[in-house]
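> got a structure for you, letters missing:
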Ligand SMILES: Nc1ncnc2c1ncn2[C@@H]1O[C@H](COP(=O)(O)OP(=O)(O)O[C@H]2O[C@H](CO)[C@@H](O)[C@H](O)[C@H]2O)[C@@H](O)[C@H]1O
């Protein structure tokens, strides 16, 4: 099958969070399973060019219709760790992708509406005719809309769209300017509850709703989160749209790319190790302590890695730091704040804890350091308010780092409480789970984990190995996506 992935991120060249990992990892797996896969991405000025091989101009004159005129674009092609990627570079005063950031601009909706239009225009003009176009999150929600309403009349009537929602919180909104810019035009047609009109604000168009309404298949990134989206308010107002789309909506658990995330081959960690010989893990713990100037003592090391965002339960992340220190553990945090208030809060904590030899807070995005933390820590906390899938617990498991998670979203599908899980045999359990959002709930799980580490080290090691035995690779999710593609292709 010929599949084109269109997204705003692809790890490691463009990565703000888990979306990038998924776009890369899924693409690689689909190729391994015998398919032809290409990716279309924006050409940001700040992406990691050192991860692109053979970048060259592949298509010089792509004119993309925009506001009744057209914007001139170049399309570059290069290989990102083996994946063929096309990067779209517009030449206009808007400077859509030369902003020194991926997201967070006042005109993000216009930037990604343009990217969506340009991606379709590129497919159209270069005569690519993929069987399936797979788009991701709000940034590409307009692709199935434009495909169905415009491009199918220009020789693209056989293309089918699978649309994956990684986070319902960010949906992409805009007014009639989006319609005029993209050439969709007809205001009264799109400002309709059955099309793009937002379910709560009648004066707004909703990109993600467009993705749900117009795609042939809609997925989110774990089965449990699909249920949450259907039956709770976590779909942020899109519950009714999902209800209407119920026949094409499902949850497919993400995987992790076990070529990139593997303690036996990881290029960023000083010592490799396996589940049969964990000595290397202890060496990585030492190296991590050295790098972050933590004291080398007989204490467990607990980590948090992720965006510092309300979604991630930052109040519990904060509490976890102090609770760990009180209970005789060390704590390392690697977090990228998504709001200035959260950034200031954690910067304040960082200064406050600066001289403590048992804690380090790193407030930045650092891919290399994240690998060393996964390899060197004993436990990883994921106390999210909601979590569509969550990759850090799966990466943690692969590296023998015991997850302590809140039982929501994909965390429910991947972490099974050592002491209380009713559905898995003791030898299949791999971590600790708590449910409430208060400090006591978190403490109940952390206390059990730290207690096991101190009092029953052999039992703790058994838990590590059980976690390393879990297979959260892309092998099975890749097959599930292929089954979805096959299904929509023949419809
Ligand atoms: N400061 C930092 N430095 C280095 N690396 C960092 C980092 N902060 C995060 N990362 C890395 O980014 C990824 C984050 O994965 P998450 O599952 O937490 O995704 P996120 O919430 O961004 O995305 C959304 O999409 C993904 C993918 O579908 C879902 O799993 C998730 O639930 C949903 O919220 C991991 O690879 C992690 O190591």
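Received the coordinates, thanks. Computed from a predicted model, the values in this text were never measured in an experiment.
> distance of residue 71 from the ligand?
According to C-beta to the nearest ligand atom, to the nearest Å, residue 71 and the ligand sit 30 Å apart. Backbone N, C-alpha and C define where each C-beta goes, glycine included.
> Show me what counts as buried in the strand ranked longest in the chain.
Ordering each strand of the chain by length in residues (DSSP state E) puts strand 52-66 first. For strand 52-66, burial by neighbour count (16 or more other C-beta atoms under 10 Å) applies to 52, 58, 62, 64, 66.
> same deal with stretch 151-171?
For stretch 151-171, a neighbour-count test (16+ other C-beta under 10 Å) marks 151, 156, 159-168, 170-171 as buried.
> re the thing from before, tell me the two of the buried residues of strand 52-66 that are most distant?
52 and 66 (26.5 Å; C-beta to C-beta).
> show me what contacts the single nearest residue of the stretch 51-200 of the chain relative to the ligand?
Proximity of the stretch 51-200 of the chain to the ligand (C-beta to the nearest ligand atom) peaks at residue 166, 3.6 Å away. Residue 166 makes contacts with 18, 19, 22, 136, 137, 220, 221, 388, 389, as judged by C-beta atoms under 8 Å, 6 or more residues apart in numbering.
> likewise residue 81?
12, 24, 28, 51, 260.
> what's the neighbour count on the first one?
The one in question is residue 12. 17 (other C-beta atoms under 10 Å).
> sorry, back to before: keep only those of the buried residues of stretch 151-171 that are in strands.
Judged by DSSP E, the buried residues of stretch 151-171 include 160, 161, 162, 163, 164, 165 as members of strands.
> ok, back up a step: now the element after the longest strand of the chain, going C-ward?
Using DSSP states H and E, the next helix or strand after strand 52-66 towards the C-terminus is strand 69-80.
> Taking the contacts of residue 81, tell me the two that lie furthest apart.
Spatial extent of the contacts of residue 81 (C-beta to C-beta) is set by the pair 28 and 51 at 13.8 Å.
> So between those two, which is more surrounded?
The neighbour count for residue 28 versus residue 51, taken as other C-beta under 10 Å, is higher for residue 28 (20 against 17).
> Correct me if wrong, but residue 427 is in a strand.
No: judged by DSSP: H, G, I helix; E, B strand; the rest coil, residue 427 forms no part of a strand; its state is helix.
> Check what pLDDT it gets.
Listed pLDDT for residue 427 reads 97.
> and what of residue 4?
At residue 4, the pLDDT value in this model is 98.
> Contact residues of the chain facing the ligand?
Within the chain, the positions adjacent to the ligand are 17-19, 21-22, 166-167, 221, 254, 305-307, 334-336, 365-367, 370, 387-392 by C-beta under 6 Å from any ligand atom.
> which of those count as buried?
For the residues of the chain next to the ligand, buried by 16+ other C-beta under 10 Å: 17-19, 21-22, 166-167, 221, 254, 305-307, 334-336, 370, 387-392.
> and those, which of them are in helices?
Members of those lying in helices (criterion: DSSP state H): 18, 19, 21, 22, 370, 392.
> Among those residues, find me the one that's closest to residue 90.
Of all these, residue 90 sits closest to residue 19, with 21.5 Å by C-beta to C-beta.
> quick one: contacts for the closest one?
Contact analysis of residue 19 by C-beta under 8 Å, 6+ apart lists 7, 8, 9, 136, 137, 166.
> where exactly do the helices run in the stretch 351-491 of the chain?
Secondary structure of the stretch 351-491 of the chain, counting by DSSP state H, counting those that start in this stretch: helices at 367-376, 392-398, 409-414, 439-455, 457-468, 475-489.
> and the shortest one, how far from the chain's centre?
This means helix 409-414. Chain-centre distance of helix 409-414: 14 Å, with C-alpha atoms, centre = their mean, to the nearest Å.
> Can you give me the distance of residue 348 to residue 437?
Here the criterion is C-beta to C-beta, to the nearest Å. By it, residue 348 lies 23 Å from residue 437.
> for residue 53, same thing?
45 Å.
> Kindly report the same for residue 405.
Residue 405 is 13 Å from residue 437, where distance means C-beta to C-beta.
> same deal with residue 231?
Distance of residue 231 to residue 437, computed by C-beta to C-beta: 19 Å.
> Just want to know which of those two has more residues nearby.
Neighbours were tallied for residue 231 and for residue 437 using other C-beta under 10 Å; the higher tally belongs to residue 437 (15 against 12).
> Using the record, which stretches count as separate domains in the chain?
Listed domain ranges for the chain are 2-255+475-489, 279-468 (source: automatic domain parsing).
> can you tell which of the ones you listed is closest to residue 270?
Closest approach to residue 270 among these (C-beta to C-beta): domain 279-468, 4.9 Å.
> Just the terminal-to-terminal distance for the closest one.
Taking C-alpha to C-alpha, to the nearest Å, domain 279-468 runs 15 Å from one end to the other.
> and it, how far from the chain's centre?
Distance, centroid of domain 279-468 to centroid of chain: 18 Å (C-alpha atoms, centre = their mean).
> all helices for the stretch 51-200 of the chain, in order.
Using DSSP H, counting those that start in this stretch, the helices of the stretch 51-200 of the chain run over 108-125, 142-149, 176-182, 187-190.
> Same list (those helices) but as JSON lines, adding distance to residue 469, mean pLDDT and mean neighbour count.
Shown next, in JSON lines, are the helices of the stretch 51-200 of the chain (distance: least, C-beta to C-beta, whole Å; pLDDT from 0 to 100; neighbours: other C-beta atoms under 10 Å):
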{"stretch": "helix 108-125", "distance to residue 469": "40", "mean pLDDT": "98", "mean neighbour count": "23"}
{"stretch": "helix 142-149", "distance to residue 469": "39", "mean pLDDT": "98", "mean neighbour count": "25"}
{"stretch": "helix 176-182", "distance to residue 469": "48", "mean pLDDT": "98", "mean neighbour count": "18"}
{"stretch": "helix 187-190", "distance to residue 469": "50", "mean pLDDT": "98", "mean neighbour count": "12"}
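> between those helices, which gets nearest to residue 249?
With respect to residue 249, and counting by C-beta to C-beta, the nearest of those is helix 142-149 at 13.8 Å.
> what does that closest one contact?
With C-beta under 8 Å, 6+ apart as the test, helix 142-149 has contacts from 6, 112-113, 116-117, 119-120, 133, 135, 156, 159, 161, 163, 178, 182-184, 196, 207, 210-211, 213-216.
> Just the mean pLDDT for the stretch of helix or strand residue 41 belongs to, thanks.
Assigned by DSSP H and E, residue 41 belongs to strand 36-42. For strand 36-42, mean pLDDT is 98.
> Give me the phi and psi angles of residue 303.
phi -120, psi 160 (degrees, to the nearest 10).
> how much space between it and the ligand?
On the measure of C-beta to the nearest ligand atom, residue 303 and the ligand end up 10 Å apart.
> Check the burial of that residue by counting its neighbours.
26.
> So it is in contact with residue 373, correct?
Yes: in terms of C-beta atoms under 8 Å, residue 303 counts as a neighbour of residue 373; the distance is 5.0 Å.
> Right, I'll leave it there.
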